[in-house]
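Prediction below, plus the sequence it came from.
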Amino acid sequence: MEKGSFISRILVLSLAISPVFSQYYSKTEPYTPQPEKITNLHFFFHDTLSGKDPSAVLVARANITDDDDSPTPFSSVIALDDPLTLGPDLNSGVIGNAQGLYVSSGKDIPSLVAFFDFGFTQGEFNGSSISVFSRNPILENERELAVVGGRGKFRMARGVAQLKTFFLNVTNGDVIVEYNVTVIHY
(Lines give C-alpha, C1' and ligand atoms only; values in the text may rest on other atoms or scores of the structure.)
Protein backbone atom coordinates (compact mmCIF):
# COMPACT_ATOMS: atom_id res chain seq x y z
CA MET A 1 0.00 0.00 0.00
CA GLU A 2 1.33 3.39 -0.91
CA LYS A 3 2.02 5.95 1.79
CA GLY A 4 -0.10 8.64 0.03
CA SER A 5 -3.06 6.26 -0.32
CA PHE A 6 -2.91 5.38 3.41
CA ILE A 7 -2.91 9.07 4.41
CA SER A 8 -5.81 9.75 2.01
CA ARG A 9 -7.89 6.97 3.62
CA ILE A 10 -7.21 8.30 7.12
CA LEU A 11 -8.20 11.79 5.99
CA VAL A 12 -11.47 10.52 4.43
CA LEU A 13 -12.33 8.53 7.58
CA SER A 14 -11.62 11.48 9.86
CA LEU A 15 -13.81 13.76 7.70
CA ALA A 16 -16.61 11.19 7.77
CA ILE A 17 -16.47 10.94 11.58
CA SER A 18 -16.18 14.68 12.33
CA PRO A 19 -19.88 15.55 11.69
CA VAL A 20 -20.85 13.12 14.46
CA PHE A 21 -18.78 15.03 16.99
CA SER A 22 -19.72 18.51 15.80
CA GLN A 23 -23.52 18.46 15.67
CA TYR A 24 -25.45 21.63 16.37
CA TYR A 25 -26.91 21.66 19.86
CA SER A 26 -30.38 23.01 20.48
CA LYS A 27 -32.62 22.57 23.47
CA THR A 28 -36.22 22.13 22.32
CA GLU A 29 -38.92 23.67 24.45
CA PRO A 30 -42.66 23.60 23.88
CA TYR A 31 -44.08 26.71 22.22
CA THR A 32 -46.75 28.54 24.18
CA PRO A 33 -47.92 31.53 22.16
CA GLN A 34 -48.85 34.70 24.01
CA PRO A 35 -51.92 36.63 22.96
CA GLU A 36 -51.22 39.48 20.57
CA LYS A 37 -51.86 43.05 21.65
CA ILE A 38 -52.84 45.98 19.50
CA THR A 39 -51.56 49.41 20.55
CA ASN A 40 -52.42 52.72 18.90
CA LEU A 41 -49.88 55.53 19.27
CA HIS A 42 -50.22 59.19 18.38
CA PHE A 43 -47.30 61.65 18.36
CA PHE A 44 -45.57 64.36 16.35
CA PHE A 45 -42.16 64.01 14.66
CA HIS A 46 -40.03 67.19 14.40
CA ASP A 47 -37.40 66.97 11.63
CA THR A 48 -35.25 70.13 11.69
CA LEU A 49 -32.59 70.57 9.00
CA SER A 50 -31.98 74.29 9.63
CA GLY A 51 -30.48 76.43 12.38
CA LYS A 52 -27.51 76.06 14.71
CA ASP A 53 -28.76 72.86 16.33
CA PRO A 54 -30.47 70.75 13.64
CA SER A 55 -31.94 67.37 14.52
CA ALA A 56 -31.28 66.02 11.00
CA VAL A 57 -27.95 66.41 9.20
CA LEU A 58 -26.80 65.67 5.66
CA VAL A 59 -24.04 63.05 5.94
CA ALA A 60 -23.56 62.08 2.27
CA ARG A 61 -24.54 63.25 -1.18
CA ALA A 62 -23.50 62.25 -4.68
CA ASN A 63 -21.60 64.92 -6.58
CA ILE A 64 -24.06 64.68 -9.50
CA THR A 65 -26.62 66.71 -7.52
CA ASP A 66 -24.52 69.81 -6.70
CA ASP A 67 -26.78 72.13 -8.69
CA ASP A 68 -29.99 70.97 -6.96
CA ASP A 69 -31.23 73.59 -4.48
CA SER A 70 -33.56 71.18 -2.64
CA PRO A 71 -32.76 70.57 1.08
CA THR A 72 -32.72 66.83 0.28
CA PRO A 73 -31.69 66.33 -3.38
CA PHE A 74 -31.62 62.86 -4.96
CA SER A 75 -28.99 60.58 -3.38
CA SER A 76 -28.76 62.52 -0.10
CA VAL A 77 -28.32 60.53 3.10
CA ILE A 78 -29.53 62.25 6.26
CA ALA A 79 -28.88 61.07 9.82
CA LEU A 80 -31.44 62.12 12.39
CA ASP A 81 -32.16 62.30 16.08
CA ASP A 82 -35.59 63.93 16.02
CA PRO A 83 -37.80 64.65 19.03
CA LEU A 84 -41.23 63.04 19.32
CA THR A 85 -43.85 65.12 21.10
CA LEU A 86 -47.43 64.82 22.32
CA GLY A 87 -48.56 67.78 20.23
CA PRO A 88 -47.33 69.75 17.22
CA ASP A 89 -45.60 72.32 19.44
CA LEU A 90 -42.05 71.31 20.40
CA ASN A 91 -42.84 72.38 23.99
CA SER A 92 -45.91 70.10 24.23
CA GLY A 93 -43.95 67.34 25.97
CA VAL A 94 -41.19 65.20 24.52
CA ILE A 95 -42.06 61.49 24.77
CA GLY A 96 -39.06 60.08 22.90
CA ASN A 97 -36.95 60.43 19.81
CA ALA A 98 -36.56 59.00 16.34
CA GLN A 99 -33.05 57.95 15.41
CA GLY A 100 -31.96 56.63 12.06
CA LEU A 101 -31.42 57.55 8.44
CA TYR A 102 -33.36 58.48 5.40
CA VAL A 103 -32.18 58.45 1.81
CA SER A 104 -33.57 60.70 -0.90
CA SER A 105 -34.40 57.99 -3.42
CA GLY A 106 -36.83 59.56 -5.88
CA LYS A 107 -35.35 61.02 -9.06
CA ASP A 108 -38.54 62.31 -10.64
CA ILE A 109 -40.99 62.21 -7.72
CA PRO A 110 -39.47 63.22 -4.37
CA SER A 111 -39.52 60.29 -1.96
CA LEU A 112 -37.39 58.99 0.87
CA VAL A 113 -36.53 55.53 2.09
CA ALA A 114 -36.76 55.74 5.87
CA PHE A 115 -34.92 53.62 8.46
CA PHE A 116 -36.10 54.87 11.88
CA ASP A 117 -36.19 53.58 15.43
CA PHE A 118 -38.77 55.41 17.54
CA GLY A 119 -37.53 55.16 21.13
CA PHE A 120 -39.96 56.14 23.86
CA THR A 121 -38.57 57.79 27.00
CA GLN A 122 -41.76 58.69 28.88
CA GLY A 123 -44.95 57.04 30.05
CA GLU A 124 -46.18 53.49 29.69
CA PHE A 125 -43.74 52.63 26.87
CA ASN A 126 -40.60 54.13 28.43
CA GLY A 127 -37.60 52.05 27.29
CA SER A 128 -39.47 50.45 24.38
CA SER A 129 -39.21 51.22 20.68
CA ILE A 130 -40.70 50.48 17.29
CA SER A 131 -38.73 50.26 14.05
CA VAL A 132 -39.86 51.54 10.67
CA PHE A 133 -38.38 50.68 7.29
CA SER A 134 -40.34 51.89 4.33
CA ARG A 135 -40.67 54.19 1.34
CA ASN A 136 -42.00 57.65 2.19
CA PRO A 137 -43.52 59.58 -0.75
CA ILE A 138 -43.09 62.98 0.89
CA LEU A 139 -45.25 65.02 -1.49
CA GLU A 140 -48.35 63.08 -0.50
CA ASN A 141 -50.02 64.77 2.45
CA GLU A 142 -51.12 61.40 3.89
CA ARG A 143 -48.98 58.28 3.57
CA GLU A 144 -48.05 55.00 5.31
CA LEU A 145 -44.83 53.47 6.56
CA ALA A 146 -44.34 49.84 7.57
CA VAL A 147 -43.58 48.99 11.20
CA VAL A 148 -41.15 46.08 10.94
CA GLY A 149 -40.06 45.42 14.51
CA GLY A 150 -39.68 46.61 18.03
CA ARG A 151 -38.20 45.97 21.46
CA GLY A 152 -39.28 46.14 25.06
CA LYS A 153 -43.08 46.21 25.26
CA PHE A 154 -43.14 46.19 21.45
CA ARG A 155 -41.19 42.95 21.03
CA MET A 156 -41.97 41.23 17.70
CA ALA A 157 -43.90 44.30 16.52
CA ARG A 158 -45.46 44.75 13.14
CA GLY A 159 -47.95 47.27 11.91
CA VAL A 160 -48.41 50.50 10.05
CA ALA A 161 -47.69 54.17 10.69
CA GLN A 162 -50.04 56.63 9.05
CA LEU A 163 -48.35 59.98 8.45
CA LYS A 164 -49.82 63.38 7.81
CA THR A 165 -47.68 66.44 7.16
CA PHE A 166 -48.61 69.06 9.77
CA PHE A 167 -46.04 71.71 8.82
CA LEU A 168 -43.48 71.99 6.01
CA ASN A 169 -40.98 74.73 5.21
CA VAL A 170 -40.11 74.04 1.56
CA THR A 171 -37.12 76.40 1.68
CA ASN A 172 -35.11 74.73 4.44
CA GLY A 173 -36.79 71.30 4.66
CA ASP A 174 -38.01 71.60 8.27
CA VAL A 175 -41.11 69.48 8.80
CA ILE A 176 -43.50 68.41 11.54
CA VAL A 177 -45.28 65.14 10.81
CA GLU A 178 -48.25 63.72 12.70
CA TYR A 179 -47.99 59.96 13.30
CA ASN A 180 -50.87 57.59 14.01
CA VAL A 181 -49.33 54.16 14.52
CA THR A 182 -51.08 50.82 14.90
CA VAL A 183 -48.71 48.25 16.39
CA ILE A 184 -49.42 44.52 16.77
CA HIS A 185 -47.07 42.98 19.33
CA TYR A 186 -46.81 40.50 22.21
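Done, it's in. Quick caveat, the model's predicted, so the values are computed rather than measured.

Might you report the residue contacts of residue 45?
82, 84, 98, 176-179 (CB atoms under 8 Å, 6 or more residues apart in numbering). (C-beta placed from N, C-alpha, C; glycine too.)

Run through the bridge partners of it.
Residue 45 forms beta bridges with residue 84, residue 177, as assigned by DSSP bridges.

before we move on, what about residue 38?
Per DSSP bridges, the residues bridged to residue 38 are residue 184.

Tell me where this protein is predicted with low confidence.
1-4, 11, 13-25, 65-69, 71 (pLDDT under 70).

Let's see that with 50 instead.
Residues of the chain that meet the criterion pLDDT under 50 are absent altogether.

circling back to that earlier point, next, format the contacts of residue 45 as JSON lines and append distance to residue 90 and neighbour count.
Formatted as JSON lines, these follow (distance: CB to CB, whole Å; neighbours: other CB atoms under 10 Å):
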{"residue": "82", "distance to residue 90": "11", "neighbour count": "23"}
{"residue": "84", "distance to residue 90": "11", "neighbour count": "21"}
{"residue": "98", "distance to residue 90": "14", "neighbour count": "25"}
{"residue": "176", "distance to residue 90": "8", "neighbour count": "20"}
{"residue": "177", "distance to residue 90": "13", "neighbour count": "22"}
{"residue": "178", "distance to residue 90": "14", "neighbour count": "17"}
{"residue": "179", "distance to residue 90": "15", "neighbour count": "19"}
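
now these in JSON lines, with distance to residue 7?
As requested, these are arranged in JSON lines below (distance: CB to CB, whole Å):
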{"residue": "82", "distance to residue 7": "65"}
{"residue": "84", "distance to residue 7": "67"}
{"residue": "98", "distance to residue 7": "62"}
{"residue": "176", "distance to residue 7": "73"}
{"residue": "177", "distance to residue 7": "69"}
{"residue": "178", "distance to residue 7": "73"}
{"residue": "179", "distance to residue 7": "67"}
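
Out of the residues you listed, which comes closest to residue 37?
Nearest to residue 37 among those, counting by CB to CB, is residue 179 at 18.7 Å.

Hmm, that closest one is touching residue 166, no?
No - here residue 179 does not reach residue 166: they are 9.9 Å apart, not a contact under CB atoms under 8 Å.
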